[in-house]
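In: here are the coordinates; sequence isn't available:
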């Protein structure tokens, strides 16, 4: 049998297929596209991969992705130091930052407690959170973790540890904006009812 | 405004977004995935990009993608040298090779005649096809070009040039296997009727 792809092309397709959501067809399409682009552009992509991997680490205060030892958010003097929003992953920080609503600091756990996957509290940045809360004058810790079984466990576990030091709140769950009540699942509706507020 | 991404991450997302079908959300997802992979894996991807771009050129006989001056298909002595299948793009060679039905050689035009996009016959590898057909003992040239307006023009144009030297055929158009007659468009149905054959 003749191999369908010339070797360096086969290797590129193989590498691209390791990316999430990239199957054989997409990998082939991407690879053939890349072969048609100018040298400079391909080199820029390769360099961006290497640079990002080499230069981006975790902020030593909040564990958000950062190219500096302490991230831009932690260094920003205009942000409220007395509020910490606890999230599972750096992508949650990014999502919250895009709303431009939140002016406090963050703490990235690096996952949620999940005994099934062998992730206990010690694998997450929970100790460091307790340290931050106990050493600084923190007025509020906002738990912003997705409400899965593991997420709930994590929220409750951390809530217990933080409560002795400061107020703990959690983000609201309910009907999404633009969502249709008729199509919402029962758990979401139950949460929306439970979280009802008086009209002003 | 705080930038949402640390700089090397922003650059990687920007580069990934240049890929076809990759929007801001996908680029972010890919970039965050890449940051979590081991160094080796990221380097392997970067190297595969560079290698493929540097090493893969066009076969000087048929213009299919190849890391060697002459591609594997053209070098294969077991393939029928007297049949040439003419396609628009290397991806068409790959698609046909995957069927494992075709045992002849190929000729990749590098596109189709499209005056609207400034692509005339001189921008395609048509001269080289005529040369191959006129110098070697070719028994059949199979036109395998998608039946768009530009594709049809290209098929007819090349057909005229090749006919003095050898037999020219074209692949069949009709109802796709598994396709439902009811949902086929009129042009496809018209072609399917036109291409009807007697039952054996």
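Out: Right, received. Where do you want to start? Note that the structure is a prediction, hence the values are computed from the model and not measured.
In: Relative to residue B:53, how far out is the residue nearest to residue A:144 when sequence neighbours are not counted?
Out: By the measure of Cβ to Cβ, 6 or more residues apart in numbering or on different chains, the closest residue to residue A:144 outside its immediate chain neighbours is residue A:171, 4.7 Å from it. C-beta coordinates here come from the backbone N, C-alpha and C atoms, glycine included. According to Cβ to Cβ, to the nearest Å, residue A:171 and residue B:53 sit 45 Å apart.
In: Please parse chain A into its domains.
Out: Using automatic domain parsing, the domain parsing of chain A gives A:7-55, A:65-198.
In: Quickly compare those and say which is most buried.
Out: Per-stretch averages of neighbours, counted by mean count of other Cβ atoms under 10 Å in any protein chain shown, single out domain A:7-55 among the domains of chain A, with a mean of 17.
In: Is that domain in proximity to chain B?
Out: Yes - Domain A:7-55 lies in contact with chain B when judged by Cβ under 8 Å from any Cβ of the partner chain; the contacting residues are A:7-9, A:11-12, A:14-16, A:18-21, A:26, A:28-35, A:37, A:39, A:41-55.
In: what's the longest strand in chain A?
Out: Ranked by residue count under DSSP state E, the longest strand found in chain A is strand A:80-87.
In: where are the low-confidence patches of chain A?
Out: Of all residues in chain A, those with pLDDT under 70 make up the ranges A:1-3, A:199-200.
In: So what touches stretch A:137-147?
Out: A:82-88, A:92, A:96, A:104, A:109, A:112, A:129, A:132-133, A:151, A:154-155, A:158-159, A:162, A:165-171, A:173, A:191 (Cβ atoms under 8 Å, 6 or more residues apart in numbering or on different chains).
In: Measure how far that stretch is from the centre of its chain, please.
Out: Computed by Cα atoms, centre = their mean, to the nearest Å, the separation of stretch A:137-147 from the middle of its chain amounts to 15 Å.
In: same check, this time on stretch A:67-87
Out: 15 Å.
In: now the strands: where do they sit in chain A?
Out: Read by DSSP E, chain A holds these strands, from start to end of the chain: A:57-58, A:65-66, A:80-87, A:104-108, A:140-143, A:167-170.
In: For these, could you give me JSON lines that also reports distance to residue B:181?
Out: Formatted as JSON lines, the entries for the strands of chain A read as follows, by distance: least, Cβ to Cβ, whole Å:
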{"stretch": "strand A:57-58", "distance to residue B:181": "59"}
{"stretch": "strand A:65-66", "distance to residue B:181": "54"}
{"stretch": "strand A:80-87", "distance to residue B:181": "54"}
{"stretch": "strand A:104-108", "distance to residue B:181": "56"}
{"stretch": "strand A:140-143", "distance to residue B:181": "58"}
{"stretch": "strand A:167-170", "distance to residue B:181": "57"}
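In: I'd like to know which of those strands is closest to residue B:195.
Out: Go through these one by one with Cβ to Cβ and the one that ends up closest to residue B:195 is strand A:65-66, at 57.5 Å.
In: Pairing partners for that closest one, with directions?
Out: When pairing is defined by DSSP bridges, strand A:65-66 lines up against strand A:57-58 (antiparallel).
In: orientation of whichever helix in chain A runs longest relative to helix B:39-55 in degrees?
Out: What stands out as the longest helix in chain A, according to DSSP state H, is helix A:39-55. With axes from the mean of the first three to the mean of the last three Cα atoms, to 10 degrees as the basis, helix A:39-55 and helix B:39-55 are set at 170 degrees to each other.
In: Show residues contacting helix A:39-55.
Out: Counting by Cβ under 8 Å, 6+ apart, A:34, A:67, B:8-9, B:11-12, B:14-16, B:18, B:31, B:34-35, B:37, B:39, B:42-43, B:45-47, B:49-50, B:53 sit against helix A:39-55.
In: same thing but 7 Å
Out: Residues from elsewhere that reach helix A:39-55 (Cβ atoms under 7 Å, 6 or more residues apart in numbering or on different chains): A:34, A:67, B:8-9, B:11-12, B:15, B:18, B:31, B:34-35, B:39, B:42-43, B:45-46, B:49-50, B:53.
In: ok, now stretch A:102-114?
Out: Identification of contacts with stretch A:102-114 by Cβ under 7 Å, 6+ apart yields A:62-64, A:73-74, A:79-81, A:83-90, A:93, A:96, A:119-121, A:123-126, A:129, A:132, A:145, A:150-151, A:153-154, A:157.
In: From one end of it to the other, what's the distance?
Out: 28 Å (Cα to Cα, to the nearest Å).
In: quick one: it to chain centroid distance?
Out: Using Cα atoms, centre = their mean, the offset of stretch A:102-114 from its chain centre is 8 Å.
In: And stretch A:183-198, by the same measure?
Out: Centre to centre, stretch against its chain (Cα atoms, centre = their mean), the figure for stretch A:183-198 is 25 Å.
In: what's the answer for stretch A:168-175, then?
Out: The answer for stretch A:168-175 is 17 Å, by Cα atoms, centre = their mean.
In: repeat for stretch A:180-198
Out: Relative to its parent chain, stretch A:180-198 has a centroid offset of 25 Å by Cα atoms, centre = their mean.
In: picking up where we left off before, list of residues touching the longest strand of chain A?
Out: Contacts of strand A:80-87 (Cβ under 7 Å, 6+ apart): A:93, A:96, A:102-109, A:129, A:132, A:136-145, A:158.
In: one more time with 6 Å, if that's ok
Out: A:93, A:103-108, A:138-144 (Cβ atoms under 6 Å, 6 or more residues apart in numbering or on different chains).
In: Tell me the one of those nearest residue B:197?
Out: Closest approach between the contacts of strand A:80-87 and residue B:197, by Cβ to Cβ: residue A:93, at 63.5 Å.
In: Sweet, I'm off.
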